[in-house]
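> sequence and predicted structure, then a few things I'm wondering about:
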Number of protein chains: 4
Amino acid sequence: MDRPYFHHIFDPVLENPIFVQGLPGLGNVGRIAAYLLIKFCGAKIFSELYSPSCPDYVSVDSQGICRLPRYEFHAAPMEKNDFVIMTGDTQPSFDDVVAHYEVCSEILRFAEQCGCGLIITLGGVPVSENKAQVYVAATSPRLAREFMEKGAVIYSKGRIMGAAGLMLGLAKEQGLDGLCLLGTTTGFEADRGAGFSVFKFLMKALGNEVKEGL
Amino acid sequence: MDRPYFHHIFDPVLENPIFVQGLPGLGNVGRIAAYLLIKFCGAKIFSELYSPSCPDYVSVDSQGICRLPRYEFHAAPMEKNDFVIMTGDTQPSFDDVVAHYEVCSEILRFAEQCGCGLIITLGGVPVSENKAQVYVAATSPRLAREFMEKGAVIYSKGRIMGAAGLMLGLAKEQGLDGLCLLGTTTGFEADRGAGFSVFKFLMKALGNEVKEGL
Amino acid sequence: MDRPYFHHIFDPVLENPIFVQGLPGLGNVGRIAAYLLIKFCGAKIFSELYSPSCPDYVSVDSQGICRLPRYEFHAAPMEKNDFVIMTGDTQPSFDDVVAHYEVCSEILRFAEQCGCGLIITLGGVPVSENKAQVYVAATSPRLAREFMEKGAVIYSKGRIMGAAGLMLGLAKEQGLDGLCLLGTTTGFEADRGAGFSVFKFLMKALGNEVKEGL
Amino acid sequence: MDRPYFHHIFDPVLENPIFVQGLPGLGNVGRIAAYLLIKFCGAKIFSELYSPSCPDYVSVDSQGICRLPRYEFHAAPMEKNDFVIMTGDTQPSFDDVVAHYEVCSEILRFAEQCGCGLIITLGGVPVSENKAQVYVAATSPRLAREFMEKGAVIYSKGRIMGAAGLMLGLAKEQGLDGLCLLGTTTGFEADRGAGFSVFKFLMKALGNEVKEGL
């Protein structure tokens, strides 16, 4: 394996799906939000991405079965919006920036093949006192305004590090619409509350009802 | 040399050989076990692998003769199971993960060319108090169970770092059977006892008799 | 994106333009001087360069709109000398020297396509007590002498680190004329004074009048 | 520039030249010895090698003229043995081992094109008390013995780091004869004495007379 490699499982039937990505990161907000979305939609894994820039170990489960670190793509045919939901075990190494650009480009190509025209990345943003809020940055003023009107705060004059930012920047360069939703979090521990806020905001913004008790 | 390169010495005659790998690592358990197996089988080196991701030095022996760091492949035609036994001077640099994926993929390709259908990697696992045990992780529940029944403990909910893990994960992705045997060790010094435990367990599990006095 | 990539905006009409580069670096002298030149010339951005060796984040502006780090090329058709002025958000990672050579080579190729025969890089040079001065190094004795006669001090027996030096060295190897102008600066903070000195000297040396009040 | 690149200056007429390499390193012993050989032979630079794995700066000389870091090849047609003498400004980064293998392979290819059948690398070896001695390691027992009989001490059970070792290991793999001469040195400062010892030993071993007063 000398380059990213897709292990395809089945071909989902999806109509204009929205691509949603949540990976490990600050407070694990993005990954938690993506898991909640997968659970809410009953999404099924239909493709896996392996990459030589993932770490060189295997994870072993409780039955002693190993597998490589990977990215997973879940298909969710829904009534309102179909989704392709991406999550994964890892982000490419911070030391290998070129690999990060390559993997994110590969993922965007895949998203386009799936028919996705809108890319949504989920992540966390550090705050000193925790006031639950969702920030938005986007590839166009129209999208930023649209999600601001739905309750998000404009994330202005900052940077979005890692995959959540890079995917957005590459999407813009390729003429795709994209936005990033960032949940406020105070720490580096897994922040389930922030993950839920981001998930709930996303659902509401796209016109889905989520009950608090999920 | 800009990519891994095999220096082939002779073509061994082997029937459905099992591929066994033991490299330097924690307590040098894997490497010691592989050496014991080479000695036990009277295995002969038939191929060497050089790689630009190996360190940039030469080792010099007692006669002043130098050679590059390398991986060695030993052929052991046996009565019960034929073996291809791999050991080596080094693991690819921890800093260069992509190189590690490449070299391990190259080695798996070579193992398949040799007709190997089962990949066994050997290594060490750190424990605080030394109770000699051999752990097993595998590419399938059937294999994990089979070696558990032969006396190994399931290695569950952990990670296997480096080549011992990566080879296994890549083998699984390529549809090969594989398992990893990990000997318990307390320290980072060469742990000959743990190496012997792993070697002995492997021999017993495959139906070979090893006398304690080896 | 697995290699540098130009996003072309329009084709400027330029006659034998001079290529001027000022990137972030010591005291930000080069970047400030390049911005002043862009402002002075009313230069228009005509091409952008994205590279997988740029950092993996997006910058977000005050409206919440994101973009990838990039290099920008501005066209300035002038009465005396036409310019292609390059600036950017970043320099390739210090850790990835090969990427730095690649990106600088790519930029030189672009400069040649634009018809540039002279490459001028701008930067800062650290001094302990700040006496405003502009140093010059060049690809040929003739050029070094020419700019010395115009008031610069020969930068001798030193090194020029990063893009300002590398572009010059690569230009020389490709048979292009080049020079580097270095403004003295005491610190690592943005040194607007040093940037202005370099800009003013460049304008004077090329026969343009700059009023102090700019 | 995305790979090593030769800038050829002239075609020397050499008969079965010996390739001698001395690069910066421990006590600068190798580089000093190579310079002394160049001076002794009145050797002329006939080719330069640039590489994207060299550092990203330019050196500037006393006239303000810049140039990239590089390797130089000097031709010395002599009465007894013709030489190709290689020296340079740098070694590839310790962090980029793959680049080191690539550059050394490229240099060996060049040496073979020049008709060199014997590769001699020069370097330093650290000792606690300075007793001037020259150590030898070689690609074959015959060569090691030959130079031992001429007064060198066998360098046994050690490692030779960096280009001096790697060139030797790669030469061996390609079926070329090679040896490394290491001068004892106590420190990391430029050790002119050790450099001279290595140079003098090399000349004597090859049957050339060197007067002490050089």
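Yep, it's here. Residues are numbered from 1 along each chain as shown, chains lettered A, B, ... in the order given.
> give the next helix or strand downstream of the lengthiest helix in chain A.
Determined from DSSP state H, the single longest helix within chain A is helix A:97-113. Per DSSP states H and E, the first helix or strand lying C-terminal to helix A:97-113 is strand A:118-126.
> neighbouring strands of that following strand in the sheet, and parallel or not?
strand A:18-22 (parallel), strand A:177-185 (parallel) (DSSP bridges).
> so what touches stretch A:195-212?
For stretch A:195-212, the surrounding residues in contact (Cβ atoms under 8 Å, 6 or more residues apart in numbering or on different chains) are A:18, A:20, A:27-33, A:35-37, A:40, A:78, A:80-81, A:120, A:122, A:132-134, A:147, A:150-152, A:181-184, A:214. To be clear about C-beta, it is placed using only N, CA and C from the backbone, and glycine gets the same treatment.
> picking that back up, mind putting the strands paired with strand A:118-126 in a markdown table, mean neighbour count and mean pLDDT included?
Below are the strands paired with strand A:118-126 laid out as a markdown table (neighbours: other Cβ atoms under 10 Å in any protein chain shown; pLDDT from 0 to 100):
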| stretch | mean neighbour count | mean pLDDT |
| --- | --- | --- |
| strand A:18-22 | 27 | 98 |
| strand A:177-185 | 26 | 96 |
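> now render those as TSV, adding distance to residue D:164.
Listed next are these as TSV, based on distance: least, Cβ to Cβ, whole Å:
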stretch	distance to residue D:164
strand A:18-22	49
strand A:177-185	51
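> hmm, back to that, the contacts of stretch A:195-212, buried ones only, as a PyMOL selection?
Here is the PyMOL selection string for the buried members of the contacts of stretch A:195-212, based on 16 or more other Cβ atoms under 10 Å in any protein chain shown:
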select buried, chain A and resi 18+20+27+28+29+30+31+32+33+35+36+37+40+78+81+120+122+133+134+147+152+181+182+183+184
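> inside strands: which ones of the contacts of stretch A:195-212?
Per DSSP state E, strands hold the following members of these: A:18, A:20, A:120, A:122, A:134, A:181-184.
> quick one: average pLDDT of the helix or strand containing residue A:194?
Residue A:194 is part of helix A:192-205 when elements are defined by DSSP H and E. Averaged across helix A:192-205, pLDDT comes to 94.
> please export the C-alpha coordinates of that helix as CSV.
In CSV, the C-alpha atoms belonging to helix A:192-205 read as follows (Å, rounded to 0.1, in the frame of the first residue of the first chain):
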residue,chain,number,x,y,z
ARG,A,192,-20.3,14.6,24.5
GLY,A,193,-22.3,17.7,25.2
ALA,A,194,-20.6,19.8,22.5
GLY,A,195,-20.9,16.9,20.1
PHE,A,196,-24.6,16.7,20.8
SER,A,197,-25.0,20.5,20.3
VAL,A,198,-23.4,20.3,16.9
PHE,A,199,-25.4,17.3,15.9
LYS,A,200,-28.7,18.9,17.1
PHE,A,201,-27.9,22.2,15.4
LEU,A,202,-27.1,20.5,12.1
MET,A,203,-30.4,18.5,12.2
LYS,A,204,-32.4,21.6,13.0
ALA,A,205,-30.7,23.7,10.3
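> distance from the chain centre to it, please.
Helix A:192-205 sits 12 Å away from the centroid of its parent chain (Cα atoms, centre = their mean, to the nearest Å).
> quick check: buried residues in that helix?
A:194-203, A:205.
> same check on stretch A:36-49?
A:36-38, A:40-41, A:43, A:46-49.
> pLDDT of stretch A:44-52, averaged?
For stretch A:44-52, the mean pLDDT works out to 96.
> quick one: is that stretch near chain D?
No: Stretch A:44-52 does not reach chain D (Cβ under 8 Å from any Cβ of the partner chain); its nearest approach is 13.5 Å.
> near chain C at all, that stretch?
No: judged by Cβ under 8 Å from any Cβ, stretch A:44-52 stays clear of chain C, getting no closer than 12.6 Å.
> so which bits of chain A are right by chain B?
Residues of chain A lying near chain B by Cβ under 8 Å from any Cβ: A:1-2, A:5, A:7, A:50, A:52-68, A:93, A:95-96, A:99.
> restricted to strands, list these.
Among the residues of chain A next to chain B, the members falling in strands are A:5, A:7, A:50, A:57-60, A:66-67 (criterion: DSSP E).
> for those residues, which PyMOL command selects only the ones that are buried?
Of those, the buried ones go into a single PyMOL selection, burial set by 16+ other Cβ under 10 Å:
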select buried, chain A and resi 5+50+57+58+59+60+66+67
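> what residues does stretch A:78-89 touch?
With contacts defined as Cβ under 8 Å, 6+ apart, stretch A:78-89 is touched by A:14-24, A:31, A:34-35, A:37-38, A:41, A:43, A:49, A:54, A:59, A:69-76, A:107, A:111, A:114, A:116, A:206-208.
> now swap in stretch A:63-70 and tell me
Counting by Cβ under 8 Å, 6+ apart, A:7, A:48-50, A:54-55, A:57-61, A:88-90, B:136-141, B:144, B:148, B:154-156, B:160, B:165-166, B:168-170, B:172-173, B:180 sit against stretch A:63-70.
> list the buried residues in it.
In terms of neighbour count (16+ other Cβ under 10 Å), stretch A:63-70 has its buried residues at A:64-70.
> and that stretch, what's its mean pLDDT?
94.
> end-to-end on that stretch?
One end of stretch A:63-70 sits 19 Å from the other (Cα to Cα, to the nearest Å).
> that one: how far from the chain's middle?
Using Cα atoms, centre = their mean, the offset of stretch A:63-70 from its chain centre is 22 Å.
> stretch A:186-206 now?
12 Å.
> again with stretch A:201-208
Mean-position distance between stretch A:201-208 and its chain equals 15 Å (Cα atoms, centre = their mean).
> low pLDDT regions in chain A?
A:93-95, A:188, A:211-214 (pLDDT under 70).
> hmm, try it at 80
A:1-2, A:92-96, A:129-130, A:157, A:187-189, A:208-214 (pLDDT under 80).
> in contact with residue A:147, which residues?
Residues near residue A:147 by Cβ under 8 Å, 6+ apart: A:136, A:138, A:179, A:181, A:205.
> kindly recompute the last result at 10 Å.
Contacts for residue A:147 (Cβ atoms under 10 Å, 6 or more residues apart in numbering or on different chains) come out as A:120, A:134-138, A:153-154, A:179-181, A:201-202, A:205, C:64.
> gap between the closest residue to residue A:75 other than its chain neighbours and residue A:178?
The shortest distance from residue A:75 to any non-neighbouring residue, by Cβ to Cβ, 6 or more residues apart in numbering or on different chains, is to residue A:12 (3.3 Å). Using Cβ to Cβ, to the nearest Å, residue A:12 is found at 21 Å from residue A:178.
> next: residue A:48.
Going from residue A:48 to residue A:178 by Cβ to Cβ gives 23 Å.
> of all the buried residues of stretch A:36-49, which comes closest to chain C?
Comparing these against chain C with Cβ to the nearest Cβ picks out residue A:49 as the nearest, at 15.5 Å.
> which of the residues in stretch A:144-160 are buried?
In stretch A:144-160, counting by 16+ other Cβ under 10 Å, buried: A:144, A:147-148, A:152, A:154-155, A:158, A:160.
> turn these into JSON lines, columns for distance to residue C:103.
Below are the buried residues of stretch A:144-160 laid out as JSON lines (distance: Cβ to Cβ, whole Å):
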{"residue": "A:144", "distance to residue C:103": "31"}
{"residue": "A:147", "distance to residue C:103": "35"}
{"residue": "A:148", "distance to residue C:103": "36"}
{"residue": "A:152", "distance to residue C:103": "36"}
{"residue": "A:154", "distance to residue C:103": "33"}
{"residue": "A:155", "distance to residue C:103": "29"}
{"residue": "A:158", "distance to residue C:103": "26"}
{"residue": "A:160", "distance to residue C:103": "23"}
